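Engineer: what would the 3D arrangement of this be:
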Amino acid sequence: MSDLLSPLKGHSEPRVVASQGDPGVVLMERQIVSLVQVAAWPDTLAQVEQAVATVTHCAMPERPSGSTARDATAIMAVGPGRYLIESDDPGLPTKLTTAIGADLGAVTDLSHARSAVRISGPKATWVLSKGLAIDLHPEAFPSLDVAQSAIHEVGVLARRLSEDSFDLYVFRGFALSFWEWLTEAAAETGYRVDPPGSA
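Structural biologist: Modelled structure (predicted):
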């Protein structure tokens, strides 16, 4: 687990900013334990995918922009031969590095390099559409799909968990700027901030 101070410390504490009626979205900073990027060489993709599946006990995504999940592990396809793997196993980076040698691919520990925020609720898609330049209709961006884009000039990896729930990953150095945009965008509909956690 990252032992660094959260860049959202003092900003993501529980509170309610009401509009009219119930808040339209719920925001929560997620605590990343392990986040690892794996990239295969052009001729080693099958071996790398087998190694990732063996280490994580999780099936690989079938869609080029898809993701899979098992227990507290998620595997996200982020490009040709590239995957982002999140887990609550603090030993995941070492396990993947051991299973995938330099002859098969590259393993990069991003656990301290990213921040994650979950947005959920009936207005989650509406709030994100203010800044996320992708089609968020469920037919175009279905549950468990992953997309890389930008919000307010901040690079964002968005993973749709369900029709009204998304996990958003941003570079740690831009987390506060991103959070400020998100809360401002959600103010119109009202929002609740839940305690930081890994859920």
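Engineer: now for this structure, the helix or strand with the poorest mean pLDDT.
Structural biologist: strand 15-17 (a mean of 89; mean pLDDT, DSSP states H and E).
Engineer: which parts of the longest strand anywhere in the chain are buried?
Structural biologist: Here the longest strand in the chain is taken by residue count, with DSSP state E as the criterion, and it is strand 154-162. By neighbour count with 16 or more other Cβ atoms under 10 Å, strand 154-162 contains the buried residues 154, 156-161. C-beta coordinates here come from the backbone N, C-alpha and C atoms, glycine included.
Engineer: ditto for stretch 96-114
Structural biologist: Neighbour-count burial for stretch 96-114 flags 96-97, 99-100, 104-105, 107, 110-111, 113-114 (criterion: 16+ other Cβ under 10 Å).
Engineer: what about this protein, any weak spots by pLDDT?
Structural biologist: Segments of the chain classed as low confidence (criterion: pLDDT under 70) are 1-3, 198-199.
Engineer: strands along that one, start to end?
Structural biologist: Counting by DSSP E, one finds strands in the chain at the ranges 15-17, 25-30, 34-40, 67-70, 73-79, 82-87, 105-109, 114-120, 146-151, 154-162, 165-171, 191-193.
Engineer: how much space is there between Thr73 and Pro138?
Structural biologist: Using Cβ to Cβ, to the nearest Å, one gets 24 Å for the distance from Thr73 to Pro138.
Engineer: then Asp103?
Structural biologist: When distance is defined by Cβ to Cβ, Asp103 is 41 Å away from Pro138.
Engineer: ok, Ser87 next?
Structural biologist: On the measure of Cβ to Cβ, Ser87 and Pro138 end up 27 Å apart.
Engineer: between the two, which is the more surrounded one?
Structural biologist: When Ser87 and Pro138 are compared on other Cβ atoms under 10 Å, the one with more neighbours turns out to be Ser87, at 25 against 14.
Engineer: surely Trp126 meets Leu132?
Structural biologist: No. Using Cβ atoms under 8 Å, Trp126 and Leu132 do not qualify as a contacting pair, with a distance of 11.0 Å.
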